[in-house]
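Asks: Need the 3D shape of this:
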Amino acid sequence: MIENDIPANIQTNLEAEGGQLKNWAGNIAFQAPTVYYPQSVAEVQELVRQHSRIKPLGSRHSFNTIADGPGIQISLKNMNRILQLDREANTLTLEGGARYGEFVAYVHEQGYALPNLASLPHITVVGACATATHGSGLTNGNLSTSVSALQFVNAAGDLVSVSRAKDPEELAAAVVGLGAFGVVTSITLDLIPAFQVKQVIYRNLPMSMLKDHFVDIQTRGYSVSLFTNWANQNINEVWIKSLVNENSHLEEALFGAPAATENLHPVEEQSAENVTQQLGVPGPWYDRLPHFKMGFQPSVGKELQSEYFVPMAHAYEAMMAIAKLHEQITPHLFVSEIRTIQADNLWMSTCYKQQSVAFHFTWKQDIAVIMDLLPLIEQQLAPFQPRPHWGKLFTMPAAVLQSRYPKLDDFKQFIRHHDPKGKFGNGYLDILA
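Replies: Reported below is the predicted structural model:
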């Protein structure tokens, strides 16, 4: 099929418009001269059949080159509809371009909820799941663990369906797929009954309290986040998101850390206008589990991010190892977030077979300095065998990264089966070779 058979209104020639498409942070200018915005699965299939190098593009929230490549990009932002709410199976099926913030209110109105959400509702479901993006909670898996089925267009242009019920191993390979083998055109999520959440913040908790009370603090809520800038071995803010039928009274202090009396941004200098309601005010799950509101700029905006996952058993030791670098880290940091995530069985998940604690860094936009700092952090965490977030900045050598994933060879075989000529490959994925 020749290119003229693809409707002209679904493509954007970036060179003709005098610019390059960039990622959310602006630190990556994508190589692709053309981005296609198909409006149907058939259009996706034809695009895949006619092009030799392709990268799927989500909400552009990754901070590295995972979605970059020399060929075209395919964005499904015009394919963001709800396809089915199945009340018998308690599942929701969405098109591949759907963002969490676009449908969660509808899900709640229907009496349902997702088990967890990331801190930003602005991201696409498929992109979040493909990179093992997560929320927090000792018993909550990352967002990928809610996926019970998906469909994707492979390199031949064929539409492939996999599900937990029929193809559990195939699904375990495909969910955290890194954009490596096709374009995900629909995704099915498990639903649970709707619930209410209240959010309370405590200020200035000494890190020393976490030596004996880390797990205790993590169990205080459905989702718990610790924010620090690593100065003075202090946790600046402890965000506890609890079900309204749990610990319904507002505790005045948490191990001596007083409760906040006003809404706070994770970066205290920033306006709290764009954060979700705090102060123990109950609200629906979708309006409390994220840190930021859908209609506002999330996080800081002009920033860079990196994140590392280590086994839960080493949470305090790993924290103290990072704290040794506070003089180098703090001047270049907006904030760090520390969260916990339950283990799963998804092959390329950062939490594969490992209950984890994640150390997230929101950096100021000085890329040269940050890329010099990351090896120091990785060296400090090396005894705990960290796994970096797939969508964020890291410098870990390929051999080290590969050693952290027991199912890597099986995943590469899965890629070869659906993309034998590397149509969806790029320089980023060479780290798995």
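Asks: Each with direction, which strands does the strand or helix carrying L92 pair with?
Replies: Per DSSP states H and E: L92 is located in strand 91-95. With DSSP bridges as the test, strand 91-95 is paired with strand 82-86 (antiparallel), strand 183-190 (antiparallel).
Asks: List of residues touching that strand?
Replies: 76, 79-86, 103, 107, 112, 125, 148-149, 185-191 (C-beta atoms under 8 Å, 6 or more residues apart in numbering). (C-beta placed from N, C-alpha, C; glycine too.)
Asks: Apply the buried test to those and list what passes.
Replies: Buried residues within the contacts of strand 91-95, counting neighbours by 16 or more other C-beta atoms under 10 Å: 76, 79-80, 85, 103, 107, 112, 125, 148-149, 185-191.
Asks: Can you tell me which helices and strands the longest helix belonging to the chain packs against?
Replies: Ranked by residue count, the top helix of the chain under DSSP state H comes out as helix 367-381. Other elements packing on helix 367-381 under the criterion 3 or more C-beta pairs under 8 Å, 6 or more residues apart in numbering; DSSP states H and E are strand 304-311, helix 315-323, helix 326-329, strand 356-363.
Asks: Buried residues, stretch 306-326. List them.
Replies: Neighbour counts using 16+ other C-beta under 10 Å place 306-312, 314-316, 318-319, 321-323, 326 of stretch 306-326 among the buried residues.
Asks: quick check, nearest of those to I338?
Replies: Ranked by distance to I338 (C-beta to C-beta), the buried residues of stretch 306-326 are led by M319 at 7.0 Å.
Asks: Pairing partners for the closest residue to F103 other than its chain neighbours in the sheet, please.
Replies: Leaving out its chain neighbours, the residue that sits closest to F103 by C-beta to C-beta, 6 or more residues apart in numbering is I82, at 5.7 Å. I82 forms beta bridges with L94, as assigned by DSSP bridges.
Asks: I82: what's it in contact with?
Replies: L92, T93, L94, E95, A98, F103, Y106.
Asks: And for G182?
Replies: V48, P56, F152, V153, N154, A155, V160, H418, D419, F424.
Asks: For it, what are phi and psi?
Replies: Note on G182: its backbone torsions stand at phi 170, psi -180 [degrees, to the nearest 10].
Asks: Is the closest residue in space to it that isn't next to it in sequence in a helix, a strand, or coil?
Replies: Spatial nearest neighbour of G182, chain neighbours left out: F152 (3.9 Å); criterion: C-beta to C-beta, 6+ apart. Here F152 is recorded as strand under DSSP: H, G, I helix; E, B strand; the rest coil.
Asks: hmm, back to that, name the residues that touch the longest helix of the chain?
Replies: The contact list for helix 367-381, computed with C-beta under 8 Å, 6+ apart, reads 27, 304, 306, 308, 310, 318, 321-322, 324-325, 328-329, 332, 359, 361, 363, 386, 388, 393-396.
Asks: Could you do stretch 135-144 as well?
Replies: Residues from elsewhere that reach stretch 135-144 (C-beta under 8 Å, 6+ apart): 115-119, 125, 128-130, 132-134, 175-176, 215, 218-219, 221-225, 289, 339-344, 346, 349-351, 355.
Asks: Next step: those residues restricted to helices.
Replies: Judged by DSSP H, helices contain the following of the contacts of stretch 135-144: V125, A128, C129, A130, V215, Q218.
Asks: Only the buried subset of the residues you listed, as a ChimeraX command please.
Replies: Here the buried members of those are turned into a ChimeraX selection, burial being counted by 16+ other C-beta under 10 Å:
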select :125,128,129,130,218
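Asks: show me the contacts for A25.
Replies: By C-beta under 8 Å, 6+ apart, the contact set of A25 is F63, K302, E303, L304, Q305, Q365.
Asks: so which strand or helix has the last one?
Replies: Same thing as Q365. Q365 belongs to no helix or strand, assigned by DSSP H and E.
Asks: how many neighbours does the nearest residue to it once chain neighbours are set aside have?
Replies: Among residues not flanking Q365 along the chain, K302 sits closest, at 5.2 Å (C-beta to C-beta, 6+ apart). K302 is flanked by 12 other residues according to other C-beta atoms under 10 Å.
Asks: I'd assumed G26 was in contact with K302.
Replies: Yes. If you go by C-beta atoms under 8 Å, K302 and G26 touch, sitting 7.2 Å apart.
Asks: joint contacts of the two?
Replies: Q365.
Asks: ok so, going back, now do the same contact list for the residue nearest to G182.
Replies: With contact taken as C-beta under 8 Å, 6+ apart, F152 is in contact with L159, V160, A174, G177, F181, G182, V183, V184, T185, H418.
Asks: try 7 Å this time
Replies: V160, A174, G182, V183, V184, T185 (C-beta atoms under 7 Å, 6 or more residues apart in numbering).
Asks: how near is it to E170?
Replies: As judged by C-beta to C-beta, to the nearest Å, F152 and E170 stand 11 Å apart.
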